[in-house]
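Undergrad: kindly return the folded structure for what I paste below:
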Amino acid sequence: MEKPRPVTLRTRALAILINALVRLTCATLRFRMENEHLVDELVARHGSVILVTWHGRVFLPLNVFRGRGYWTIISLSRDGDLQAENFRRAGFRIIRGSTSRRGVAATREVLDVMARGAVVAFVPDGPRGPSGVAQPGAVFFAQRTGCPIIPFGLSAWPRWLAPSWDRFLVPYPFARAAWLYGEPIYVAPGEDLAAAAARVTEAINALEAEAERRVGAKEDCAAPPAKVSGDRR
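TA: Numbers count the residues shown, from 1 in each chain. Below you'll find the model as predicted:
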């Protein structure tokens with residue numbers, strides 16, 4: 001069975017610097033969050049939920065979800081090594097795998113932790129893209145477990161958008177930030193997964209567009225042209 005590579009000194013040092021940057025920046029933000037009570041209510045009802053937003057918007061969740069013990073899935077690529085160390089240092093529990101590498105084992109691990117009442121945070125357009133288009137992973141787990149998907153959209157202004165496949169968002173210090181949770185999405189037994197994934201895509205994009213409006217963002221919040229990230233190994 002394929003295993004993650006050992007964490008290198010360089011990866012560890014970069015993760016420490018990135019986490020410090022995230023914490024310092026987020027401490028300055030003028031932050032507004034709506035409907036967070038939905039998460040607590042649905043966890044109390046179902047024992048497990050799936051939180052989803054886009055790959056390019058994980059700067060704020062890295063800090064907001066810090067220390068909560070949420071689970072997340074990160075690919076076995078070399079890019080994923082740094083992401084995994086970043087999230088581990090923020091208090092996330094990590095499952096390594098993707099559709100192309102260690103997919104079956106990762107799927108079993110996710111189902112196992114959800115059966116025990118885990119909150120799982122997904123980026124349904126990662127790790128390869130296309131950006132802003134949900135792939136079937138999260139809806140598969142929702143269908144298998146009966147647990148809801150809770151979409152959320154977020155934005156900040158002013159900010160820097162990286163020239164990357166996911167237009168990764170980094171808020172400037174003292175920026176306005178908005179984070180909106182949406183209504184839960186349930187995936188019925190037998191429902192077509194592609195159709196369910198389209199519902200997730202629509203929900204996240206609508207919430208993100210509203211968050212963009214709330215902060216007064218001037219760029220178009222639509223996803224860039226579809227592009228594969230490369231998922232370097």
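Undergrad: which one is residue 168 nearest to, not counting chain neighbours?
TA: Closest residue to residue 168 apart from its sequence neighbours, by Cβ to Cβ, 6 or more residues apart in numbering: residue 162 at 4.1 Å. Where you see a C-beta, it was placed from the backbone N, CA and C, and this is true even at glycine.
Undergrad: ok, that neighbour to residue 67 distance?
TA: Here residue 162 is placed at a distance of 26 Å from residue 67 (Cβ to Cβ, to the nearest Å).
Undergrad: tell me which helix or strand residue 176 sits in.
TA: According to DSSP states H and E, residue 176 maps onto strand 169-181.
Undergrad: was I right about residue 66 contacting residue 91?
TA: Yes - taking contacts as Cβ atoms under 8 Å, residue 66 lies within contact range of residue 91: 5.4 Å.
Undergrad: and the strands in the protein?
TA: Along the chain, counting by DSSP state E, strands occupy 30-34, 49-52, 71-74, 93-96, 119-122, 149-161, 169-181.
Undergrad: quick one on the thing from earlier: tell me the angle of the strand holding residue 176 relative to strand 30-34?
TA: 30 degrees (axes from the mean of the first three to the mean of the last three Cα atoms, to 10 degrees).
Undergrad: and for strand 169-181, what's in contact with it?
TA: Here strand 169-181 makes contact (Cβ atoms under 8 Å, 6 or more residues apart in numbering) with 24-26, 28-36, 38-39, 56-57, 59-60, 64, 150-162, 207, 210-211, 214-216.
Undergrad: what about 6 Å?
TA: Strand 169-181 is contacted by residues 25, 28-35, 38, 56-57, 59, 152-161, 207, 210-211, 214-215 when judged by Cβ atoms under 6 Å, 6 or more residues apart in numbering.
Undergrad: kindly point out the strands partnered with it and how each is oriented relative to it.
TA: Paired neighbours of strand 169-181 in the sheet (DSSP bridges): strand 30-34 (parallel), strand 149-161 (antiparallel).
Undergrad: for the longest one, which positions count as buried?
TA: Of the residues in strand 149-161, those buried under the neighbour-count criterion (16 or more other Cβ atoms under 10 Å) are 149-157, 159.
Undergrad: repeat for the shortest one
TA: For strand 30-34, burial by neighbour count (16+ other Cβ under 10 Å) applies to 31, 34.
Undergrad: please work out the average pLDDT along that strand.
TA: Confidence for strand 30-34, expressed as mean pLDDT, is 96.
Undergrad: pull the CA atoms of it into PDB?
TA: Provided in PDB are the C-alpha atoms of strand 30-34 (Å, rounded to 0.1, in the frame of the first residue of the first chain):
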ATOM      1  CA  ARG A  30     -13.000  42.700   9.600                       C
ATOM      2  CA  PHE A  31     -14.900  39.400   9.500                       C
ATOM      3  CA  ARG A  32     -18.500  38.500   9.200                       C
ATOM      4  CA  MET A  33     -19.900  35.000   9.300                       C
ATOM      5  CA  GLU A  34     -23.500  33.900   8.700                       C
END
